[in-house]
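>>> output the structure for:
(chains A and B)
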Amino acid sequence: MSKPGRRPRKRAAKPRRGAKKRPVLVPEPPCPLPRPSFPKPMVWKEGEEPRIGVFICHCGVNIGGVVNVPVVVEYAKKLPNVVYSEDNIYTCSEAGLASIKEAVKEHNLNRVIVASCTPRTHEPLFRAACLEAGLNKYLFEMANIREQCSWVHSHEPERATEKAKDVVRMAVARAAWLQPQEEPEIDVKDSSLVIGAGIAGITASLSLANQGFKVYLVEKEPELGGNLQRLHKLYPTMQDASEILNPALEAVRNHKNIQLMTSTTITDVKGYVGNFQVTAAKNGEKTEFEVGTIVVACGAVNYRPPEGLYQYGVYDNVVTQLEMDQLLGKGAVGNPERVVMIQCVASRKGEIRAYELEAFAMSDTSRLLRKILKARKEEGWPYCSRICCMNAIKNAILIKEQAPKTDVIILYSDLRVYKEYEDLYSKARDLEVKFIKFIEEAGPEISETPDKRLLVSVYDMLAGHEVRLTTDWVVLSTPLIPHKDSIILARTLKIPLSPDGFLMEAHLKLRPVDTQMDGIFLAGAATGPKDVPESIVSAKAAAARAAILMANKKLRTEAITAVVNPDLCRGCGRCEEVCEFKAIELVEVAPKVVNAQVNEISCKGCGTCSVTCPTGAITMRHFTERQVNAMVEAAIK
Amino acid sequence: MEAAESEFEPLILAFCCNWCSYAGADLAGTARISYPPNIRIIRVMCSGMVHPAIVMDALSKGIDGVLIAGCHPGDCHYTDGNLKTERRVEAMLVMMEDMGIETERLRLEWVSSGEGEKFAKVVRDMTEQLTKIGPNPFKPR
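Below is the predicted model:
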């Protein structure tokens, strides 16, 4: 037998410990695309003997250069239920896939194993080949002998070969117990619920409604517009907030596809992607409706400091940036001699002693909420609120423009003016706004002067001495913080919270605006502080993600779900308690007979219920106890 | 037949969750971080899917060590399957004490999909430790 692609052992023999990783010299294996259409999978015959085919991949020299592949092939042939085994240079190549399909027909295989790379890359490809050969895709199994064998044991080829044999043996043992599975297909309703009518919610609603989908826009306050309706001017264009908001409001109010529901809260959401049943309440009056997708745009609120923090609430001329913006709008700031702004209020460790935590003092005592509570007590809101630096500079510029003689001083410990906002900073500099850097440990202190003005004393870090500033206004830059109601909403929708208390996206890098709940998307400041353009971007992204689901009309879900054996279930309900996805519930199947029932579409297949079940009534499809046990036993031999 | 102490190679079974730890083990491969070939990995969807009965069964049949690897707390794909595993592992350790199995034979580790180096380190540590402890007393001779 020829040994294609084998390379001399010497090269792989001794990588020095601690030596720098060399770049991979071997070309990546080819990756053909799966075929567009497949015939219907074959119907599985009950009681049919397993006939397993094992295909072992050299992966060029990636596997074959370390593991003695022909030896593993010969070994596999002797394993129980294996009727066919061969090696391929690249099993994932056109030729490799063709040989799988041929072997399935020729040897009447009913299970296929490919021993090659990780299932995380090529499993869908091999499954597609099985489908084409008329085999259910869940009758395919993969043995990882590249990432978890040849690549990590390249210095021990003999033992790597032994390990590859073991891994193949374990896969064969499991394959014998594999069962064909059907993936349920569901209909997706072409309507969407948008929670929150701030700029993000409005944008998402308009985007969806313009694509022809019915939108229920729910806002808990009587007015639309969220934070934007309270703002006067927006950076960096210095436009009136109403200039942006009013046309959007007009469009939302008059859109035939948007149903507006103000002063309304969401009390319950049942169901799953494509079919959510929503209960909303207005003045205690409940409405129910069904939607296919949900966009959460519940936003964030500007933090109001507790009384006494930097003398806030003690003196009337200590205000937050938001209040200053509103005062500027009313023209109530006058022509002061000096204005001092303090950045990162309540965002720095050790700053907050007396702290109001009503937003978090809930009866709910989940571990995560307790953690958030504890962290907030100790640290305040330690994340960067992103908008405060620009907001302070914007207000400083507004003051300077209306009263050029006013001395505006911004006290900061870090200043973050990113991308085009650098220009805003330069403009403030040109207008002679002053910036003083302080250190967290010696932050500003505020007292009253005899002539009823305010005195701010702060250690100027760059000058190296204390400065004392007599001022007419003190403006505090407080962060955007998560809404109390958004935390309750997150529990209703089963969306996890970040340690800061914001709603969390499914993946920090790869899945923005998605949540771990299929069919629910996040827009705007619900996920963390965002300014207007950022909110609009995320709202459009969320609307697009929701529209994809609804435009497809149908959806296939994963077949790896829990199955309840009604003969063993005693209806204790522990599975219902542990399920994070509301996918299992007790149902009265006959008078006085309660059984657990799984909703296969909302079930994510985590298997927690199957381990919790005291009677062993719950098994996981494709990960049954028999299948896992078979691997364990095979590992021992 | 008694294997000489120096020749003893422990057999470790690892249950790796599909989303973090299995990917972490893959990353160790992609980055060519070597570790001893004593480990056999079983992919599960979530560490919360690993039934204590399977672990205890494996130990009672002579597996030298069991590693359960899941996502870091807060990163679980299924919200908190890993935390449920954490509590179950506590119970398993008590059971192991009762059975007279060294508790070092069971380990719970949080390995994210970006921690190939950590996965390799855990396997190295565990292999070293189990080599010192010696074979599982339940190993059939």
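>>> name the nearest residue to the residue in the stretch 51-200 of chain A that chain B sits nearest to, sequence neighbours excluded.
In the stretch 51-200 of chain A, the residue that lies nearest chain B is residue A:147 (3.1 Å; C-beta to the nearest C-beta). Yep, even glycine has a C-beta here, placed from its N, CA and C like the rest. Closest residue in space to residue A:147, ignoring its immediate chain neighbours: residue B:29 at 3.1 Å, by C-beta to C-beta, 6 or more residues apart in numbering or on different chains.
>>> which residues does the helix or strand hosting the one you found contact?
Using DSSP states H and E, residue B:29 maps to helix B:21-30. Residues outside helix B:21-30 that contact it (C-beta atoms under 8 Å, 6 or more residues apart in numbering or on different chains) are A:118, A:120, A:144, A:146-149, A:151-152, B:14, B:16, B:35, B:41, B:43, B:47, B:69-71, B:109, B:111-120.
>>> any weak-confidence spans in the stretch 251-400 of chain A?
Along the stretch 251-400 of chain A, the model assigns pLDDT under 70 to residues A:349-378.
>>> what about the strands in it?
A:258-261, A:264-272, A:275-282, A:285-291, A:293-296, A:300-302, A:318-320, A:338-342 (DSSP state E, counting those that start in this stretch).
>>> distance to chain B added to those, as TSV?
Below are the strands of the stretch 251-400 of chain A laid out as TSV (distance: least, C-beta to the nearest C-beta, whole Å):
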stretch	distance to chain B
strand A:258-261	29
strand A:264-272	15
strand A:275-282	19
strand A:285-291	23
strand A:293-296	17
strand A:300-302	20
strand A:318-320	31
strand A:338-342	32
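>>> right, so these: which one is the most enclosed?
strand A:293-296 (a mean of 29; mean count of other C-beta atoms under 10 Å in any protein chain shown).
>>> tell me what it is packed against?
strand A:191-195, helix A:199-210, strand A:275-282, helix A:484-493, strand A:520-522, helix A:532-552 (3 or more C-beta pairs under 8 Å, 6 or more residues apart in numbering or on different chains; DSSP states H and E).
>>> and the angle for the fourth one with strand A:275-282?
To tie it back to what came earlier, the one meant is helix A:484-493. 150 degrees (axes from the mean of the first three to the mean of the last three C-alpha atoms, to 10 degrees).
>>> follow-up on the earlier one: pLDDT score assigned to the residue of the stretch 51-200 of chain A closest to chain B?
pLDDT recorded at residue A:147 is 94.
>>> the residue lying closest to residue B:140 once chain neighbours are set aside: how many residues sit nearby?
The shortest distance from residue B:140 to any residue other than its chain neighbours is 5.8 Å, reached at residue B:62 (C-beta to C-beta, 6+ apart). By other C-beta atoms under 10 Å in any protein chain shown, 15 other residues sit near residue B:62.
>>> got the angle for whichever helix or strand residue A:120 is part of vs helix B:21-30?
Counting by DSSP H and E, the element that carries residue A:120 is helix A:119-132. Interaxial angle of helix A:119-132 relative to helix B:21-30 (the same axes, to 10 degrees): 100 degrees.
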